[in-house]
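J.: Based on what follows, work out the 3D shape:
(2 chains)
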Amino acid sequence: MIPTSFEYVRAESLKDALKALDDGHGTKVIAGGHSLLPIMKFRLAQPTRLVDISRLQDLKGISEKGRGARIGAATTYRELLDSELLRERFPLLIEATETIGDIQVRNRGTIGGSLAHADPASDMPAVMLVLDATFNLRSKAGKRSVKAREFFQGPFTTALAEDELLTEIVLPPIPAGSGSVYLSHDHPASGYAIVAVAALLTLKRKTVSQAVAGLTGVGESAFLAQSMEGLVGTRGEPEAIGRAADAVTAGIEVNGDTHAPAEYRRHLATVMTRRALTTALERAG
Amino acid sequence: MATIFGSGIKRREDPRLITGAATYTDDVKLPGLTYAAFLRSPYAHAQITRIDTRAAARAPGVLAVYTGADIKDRVVPVPCAWNVPNCNLIVPPHPLLAHEKVRYVGDGVAMVVAESRAQARDAIDLIDVDYEPLRGGVDPEQMAQPGAPQLHAEVPDNIAFTWVVAGGDAERAFNEAEVKVRERIVQQRLLPTAMECRAAVASYNKGSGQLTLWVSSQNPHIHRFLCSVMLNLPEHRVRVISPEVGGGFGSKIPAYPDEALVSLAAMDLGRPVKWAEDRSENYKATIHGRDHVEDVELCGTRDGTITGIRTKVYAGLGAYASTAAPGIPTILHGLVYSGAYTIPNIHGTIHGVYTAGTPVDAYRGAGRPEAAYLIERLVDIYAREIGMDPVEVRRKNFIPADKFPYTTATGLTYDSGNYAGALDKALSMLDYKAFRKEQAEARSRGKYLGIGVVSYIEICGLGPSQVAGAVGFGGGLYDSAIVRVYPTGMIRVYIGGKPHGQGEETTFAQIVAEEFNYPVENIQIVAGDTEITPQGWGTYGSRTTAVCGSAVKVAAQRVKEKARKVAAHLLEANEADVEWKDGKFSVRGSPDQAKTFAEAALMANLAWNMPAGLEPGLEATAFFDPTNFVYPFGTHICTVEVDVETGEVHILRYVAVDDCGPPINPMIVDGQVHGGVIQGIGEALQEIAIYDESGQLLTGTMMDYAVPKASQMPRIETAHTVTPSPVNPLGVKGVGEAGTIASAAAVVNAVCDALEPFGVRHIQKPVTPARVWAAVQAGQRGGEAAGQNGKERAR
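T.: Take a look at the predicted model:
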C-alpha cells in the first residue's frame, strides 16, 4: 500500500491553492484524503502533486445565508454534525451525515471533498440534489456558481474544471411544512450505499406542494427521481406514494454488483423510496 | 484458599496489546535491514513466456531481483504436509516462484529486494512479464469435470484425491428409508482476515551459518522444519521466532514460499530482509478457507429417527496443495458426519480439486464447520419434511449421556458428552416455547421471525501422535512444556504451542499458579522461539489447552514432586510423610511444620542442603501426547426477524451454551465463544470471496469483503455446562473454534425457519439481503428453485 512518488504542497492561502492548481497537470486537491489516499495506495490514481487545502480557514465553517446556510468546502462531517444551525434548518443533511463512515472518517472527511470526488455511492450528492444546493467554484481566472443539479455528470465526474476548486456550498431555505428523511442501505463491507434515498416533502393545507427524492448508489451518479412530480397535488395517500416509488428508477440504468444485483437494487430502491416518502410525509404533517 | 484455576481474571497479555507496546514481526528492526516485495500474477492461469527484470534491477535502491528460473534449482518446492492415505492423493510441485506457469491471481512471479520498502514496491512495476493467458476456473465442481482446463500436467481432471468415508450400509439405509431429504449446499470461499497480515524477517549469520527467521506463525517449530526443507538447510541451523502474532485463524499454519524466499535473499545478500503483506496482498497470497460444493442427503423414519447421511463433496484446494489442505475436507470433515447423533449409516465421497484460485487450507474450524453446517441444515430440513419440531428431532437422535465413550459409524470414539444437558439449558435461556408463540402471532401480522437451533460437536485437541501418523499428518501432535523455577521461586514456562490471541499466557499461568499456590504474577509463559522452547506442534485445531496445557500441568507436577522431596529434607521429615496441604508442603498431622514452594525452590537452586542423591536445580520438561481427541459440544440458538421486502436479516437474540469441560478462565472462554460466533455469523450473513469468470478476486479488499463489524453484530448470551474429558489431566476440551462451528448453521436455520411460510427450504450462505429477497420471490412464485438460486450468484 505504497503510492507512487508525488510532490506535496501545503497551501497557506486560497491564492496559493488556486495558483498550484493553475500550474499544471497531474495536480490533485487533498483535504481529508479519505477518498483520494486509498486509490493512490492502490496506484489507481498517480497524481504528480497534491495540494493540501485542509488548513485553509477560508474554506471552513458554517454560517447563515438568509434563512439558508453556507458551508465551507473543507468543513468536516464532524463540524456539520456539531452545527445547531444545520440541525435546525437542514435535518436531512444531518441525518445523512450521521450515516457516513465512523468517528475517524467523520473527523477527517470533508463535505467538499466528497462532492468533488463524486463517488456514485456517496451520500452527499443525493442530499445536495434534494436541497437544491449551489456550489461556488474558484480558479485563478475567476469564480462561478453551479447548481448541484448540474454539477454531477457521471461516476467520479463533475462540472469542475482541472484548475477549479470547490470553495463553498450554498443551501437555500426549506419551505415551512416540509418533512425530510435519509434512508440508507449500506454495503456491509464498504459502508457505501447500495441504495440510499434522500426525500423531502412539503405540505400546504395537507396537500403535497413539493416532492423531491434523490437516490444514490443506484445509478452511475446520484439522481433526482422524476416520478416524484406525480405526488404534487395529492395528499400523499399510500397509493400515490406507491406509484411514485414504483417508478423511482424509471429511465435509470441500475447498477449491479456481487453483493446486490441490479434486479434486487431496483426493487430495494422502490421499497426504500416508499418508506422514505411515508416517513417524510409524517414528519411534514 | 481461593482457587485461581477457574477464575475469570483479566488477560495478562492485553495491556501491551492495547497500548501498542507489543512487538510484531513487522516491528523487528535490525541494522542494515532491506525490504522485499513480490510481483504476483495478475492472471489466474497463464503461461509465462518471458520475464525481463533488467529495468527493475537498475532501479534506485534495488539490491536483487529473483525469478522462478533463478531459484528453482536452489530450493525445494513448498511441501504439503498432510499426505492423507488411501485416496490417491497427487501433490504436484508448488514452486516458490512460478516458472513456466502461473496458477492463480497472486501466484508469486518475482521478488525484488531493495534498500527501502517503497523502492522495492516501485521496482515491482518495472518488471516486464509476457503471459499467454489460459482458461482457468475456481468452481471445484466444474473444474473436476472432463474438459475443464488442466492446471497441472500430472493431475487429470484436476482431481487431487477422492476420499471415501463409510460406516454401516448407507446404500441400504437410503433404499429402505421412509423419508429422504437432499440439498445442494455451497460452502463459500472465505478470507481468514487475521488482523495482522503475514510478515517475515530473515537474518543470516555467515560466520555461524545460522539463519534466524522471524515469521508471524501459529507453529514456529513446523515453520523451522518446513523452511529447512525448502532451503536445503540443516534444521539445527534454522531458528524461527514467532513474536507477537495478531491472529491467524489457520492462515498462519502453512508454509508459504514467501518466508523461504526472504531467507534465501538474506543468505545471498548477507543483510537482513523484511517483507510484510498489505491487506490486498494478504487476500490474494494467504490461504482461503472452506470452498465446498456439496450434494448432501439424510434419510430417516417418519417419526424422526435419522438412519443415514450421504454426501458427495467437491472441495476446492486452490492452485496447490497447501500444508494441511488434504486433511481438512477429509479427516477433519468426513469423519464427523455423525455430529451429535447416533447415525448408523454414513457414506461420504470427497473429491479434492485443484482450481485456479488462492490455495485453500485450515480456516477456523477447518472442515468441522462445513460438517456441522451440512448436518444441522439437513436435520432442520428433515424435521420440516416430517412435520416435527427440529428440537425434538435433535433430542431423539442424540447420543445419550450414558453411552460415552461412544464409537460412531465413522470409527471415532467420542470421549464424553451430555448433549441434552446443553440443549435444555439453551432452550430455557431463550424460552423456546414462548418464542414459538410469538412467532405465530407475528406471522399473523406479516412479520417473519425465525429460530435456529444447532447442537454441534467438534473434534479437537489434536491429537494422539499415533493417529496423526495413521492419517498421514507429517508431524506429531503431542505438545510440550518446560517449567523452570529460579532461585527466588519465580517461574518461567516454555511451551511448544504458540498462542496468538487465545489467552494462554493467562490460562497457563493459572494452571501453574494453582499447582504452587502462587499469584499468576510469579509466572511467565514463553512461546514462539524455537531456540528456547521445546519441540511442539503449534496452536490450531483447538488443541493448545488440551494438549500443551496438559504438558504444562504434568511438568508442573514433576517440579512439585521434586520440591516436595526438598521440603521433606528441610523439614527433617520422612518424604512419605510430607504432603501438599493448604498451599504448603507440611508434615502429615503437624500442619505448623511446613515449607512453602518458594522455600523449597530456593534450596533446590542453591543446593546447599539437598536430600542424598537428588540433583540440584528445579525444572522439568513434559511432552504430553493425548490418548484421544477431545469432543466439545453445545447448543446455540439464534432468533431473527427477516424483512421480507428488503431481505434484511436482523438477529434478535443469540444464545450459546458450550461445554469445553472445566473452564480455566471463564472470561477467556466467553471471549473465544464471542469471536467464534461472530466469525460464523459473518459466514452466514455477509462473508464471501468471489472470483469473476477470468479468476480475478472481486472481493480483494475490505471495501468488498465483508468482515463483520462490531456495529453489525448482536449481543451474545453465553453459558456453559461442564462435562470433563477423561483424556487429559485437566479434563479440558478446546473452545477456540466452537463458536464458528455452531453459529453459521444457527443463523441460516433461523432465516429458513422465518421464511417457512414462503416455502423457502434453503438459501446458500451468505444469506445476503439480495439472496433472501430472491428466495422469497421464488417462494411466492411457488418455485422449487428457492434453494438453488444462490449457487450461480456465488460463483
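
J.: For the rest of this, base every contact and every neighbour count on C-alpha atoms.
T.: OK.

J.: My understanding was that B:Ala194 contacts B:Gln218; is that so?
T.: No: judged on Cα atoms under 8 Å, B:Ala194 makes no contact with B:Gln218 at a distance of 11.7 Å.

J.: out of those two, which sits in the busier spot?
T.: B:Gln218 (27 against 17; other Cα atoms under 10 Å in any protein chain shown).

J.: In contact with the more buried one: list those residues for me.
T.: B:242, B:245, B:248, B:250, B:252-253, B:497-500, B:538-540 (Cα atoms under 8 Å, 6 or more residues apart in numbering or on different chains).

J.: quick one: which of the residues you listed has the most company?
T.: Highest neighbour count within the contacts of B:Gln218: B:Gly497, with 32 neighbours (other Cα under 10 Å).

J.: from what I can see it touches B:Thr539, true?
T.: Yes: with contact defined as Cα under 8 Å, B:Gly497 counts as touching B:Thr539 (5.3 Å).

J.: hey, what's in contact with both of these two?
T.: The contact sets of B:Gly497 and B:Thr539 overlap at B:Gln218, B:Asn219 (Cα under 8 Å, 6+ apart).

J.: Averaged pLDDT, the longest helix along chain A. What do you get?
T.: Identified as the longest helix of chain A according to DSSP state H is helix A:262-284. Helix A:262-284 comes out with an average pLDDT of 98.

J.: and it with chain B, contact?
T.: Yes: for helix A:262-284, a contact with chain B is found by Cα under 8 Å from any Cα of the partner chain, at A:Tyr264, A:Leu268, A:Val271.

J.: how about that helix: buried residues?
T.: A:262, A:264-281, A:283-284 (16 or more other Cα atoms under 10 Å in any protein chain shown).

J.: Next one: the closest residue to B:Ser263 other than its chain neighbours from B:Gly536, what distance?
T.: Nearest non-adjacent residue to B:Ser263, counting by Cα to Cα, 6 or more residues apart in numbering or on different chains: B:Ala202, 5.0 Å away. Counting by Cα to Cα, to the nearest Å, the gap from B:Ala202 to B:Gly536 is 22 Å.

J.: For B:Lys565, which three-state class applies?
T.: helix (DSSP: H, G, I helix; E, B strand; the rest coil).

J.: Distance-wise, check it relative to chain A.
T.: From B:Lys565 across to chain A, the span is 60 Å (Cα to the nearest Cα, to the nearest Å).

J.: dump the residue contacts of the closest residue to that residue other than its chain neighbours.
T.: Spatially, and ignoring its direct neighbours in sequence, B:Lys565 is nearest to B:Glu575 (5.9 Å; Cα to Cα, 6+ apart). Contacts were defined as Cα under 8 Å, 6+ apart; by that measure B:Glu575 touches B:Arg564, B:Lys565, B:Ala568, B:His569.

J.: and the contacts of B:Gln218 as CSV, adding distance to chain A and secondary structure?
T.: CSV is the format used below for the contacts of B:Gln218 (distance: Cα to the nearest Cα, whole Å; DSSP: H, G, I helix; E, B strand; the rest coil):
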residue, distance to chain A, secondary structure
B:Ser242, 24, coil
B:Val245, 21, coil
B:Gly248, 20, coil
B:Gly250, 22, coil
B:Lys252, 21, coil
B:Ile253, 25, coil
B:Gly497, 32, coil
B:Lys498, 29, coil
B:Pro499, 28, coil
B:His500, 25, coil
B:Gly538, 31, coil
B:Thr539, 29, coil
B:Tyr540, 27, coil
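
J.: In TSV, list those residues along with pLDDT.
T.: Below are those laid out as TSV (pLDDT from 0 to 100):
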residue	pLDDT
B:Ser242	98
B:Val245	98
B:Gly248	97
B:Gly250	98
B:Lys252	98
B:Ile253	98
B:Gly497	97
B:Lys498	98
B:Pro499	97
B:His500	96
B:Gly538	96
B:Thr539	96
B:Tyr540	95
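
J.: In space, what's closest to the residue positioned nearest the centre of chain B - neighbours in sequence excluded?
T.: Central residue of chain B (Cα atoms, centre = their mean): B:Arg364, 3.4 Å from the mean position. Nearest non-adjacent residue to B:Arg364, counting by Cα to Cα, 6+ apart: B:Phe249, 4.9 Å away.

J.: can you count the residues close to A:Gly24?
T.: Around A:Gly24 there are 12 other residues, counting by other Cα under 10 Å.

J.: and it, what does it touch?
T.: Per Cα under 8 Å, 6+ apart, neighbours of A:Gly24: none.

J.: gap between it and chain B?
T.: 24 Å.

J.: what secondary structure does residue 5 sit in?
T.: You didn't say which chain, so I picked chain A. coil.

J.: Actually, chain B is the one I wanted.
T.: B:Phe5 ends up coil, using three-state DSSP.

J.: name the element B:Ala513 belongs to?
T.: Assessed by DSSP states H and E, B:Ala513 sits inside helix B:504-516.

J.: which helices and strands does that helix pack with?
T.: strand B:523-526, helix B:549-570 (3 or more Cα pairs under 8 Å, 6 or more residues apart in numbering or on different chains; DSSP states H and E).

J.: Not counting that helix itself, show me its contacts.
T.: Helix B:504-516 is contacted by residues B:3-5, B:10-13, B:499, B:518-520, B:522-526, B:545, B:549, B:552-553, B:556-557, B:560, B:583, B:597, B:664-665 when judged by Cα under 8 Å, 6+ apart.

J.: again, but for stretch A:38-55
T.: Under Cα under 8 Å, 6+ apart, the answer for stretch A:38-55 is A:1-12, A:14, A:17, A:20-21, A:26-32, A:36, A:74.

J.: Over to stretch A:130-149?
T.: Outside stretch A:130-149, the residues touching it (Cα under 8 Å, 6+ apart) are A:15, A:18-19, A:21-22, A:125, A:128-129, A:159-160, A:163-172, A:174, A:198-200, A:212-214, A:224.

J.: coming back round to it: of all the helices and strands packed on helix B:504-516, which one is nearest B:Ile716?
T.: Closest of the helices and strands packed on helix B:504-516 to B:Ile716 is helix B:549-570, at 27.2 Å (criterion: Cα to Cα).

J.: Remind me what the closest one packs against, helices and strands.
T.: strand B:479-485, helix B:504-516, strand B:578-581, strand B:584-587, helix B:597-606, strand B:619-624.

J.: Dump these to a markdown table, plus mean neighbour count and mean pLDDT.
T.: Formatted as a markdown table, these follow (neighbours: other Cα atoms under 10 Å in any protein chain shown; pLDDT from 0 to 100):
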| stretch | mean neighbour count | mean pLDDT |
| --- | --- | --- |
| strand B:479-485 | 27 | 98 |
| helix B:504-516 | 24 | 97 |
| strand B:578-581 | 20 | 96 |
| strand B:584-587 | 24 | 97 |
| helix B:597-606 | 22 | 98 |
| strand B:619-624 | 22 | 98 |
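
J.: And the pLDDT for B:Ala785?
T.: B:Ala785 carries a pLDDT value of 45.

J.: Sounds good, over and out.
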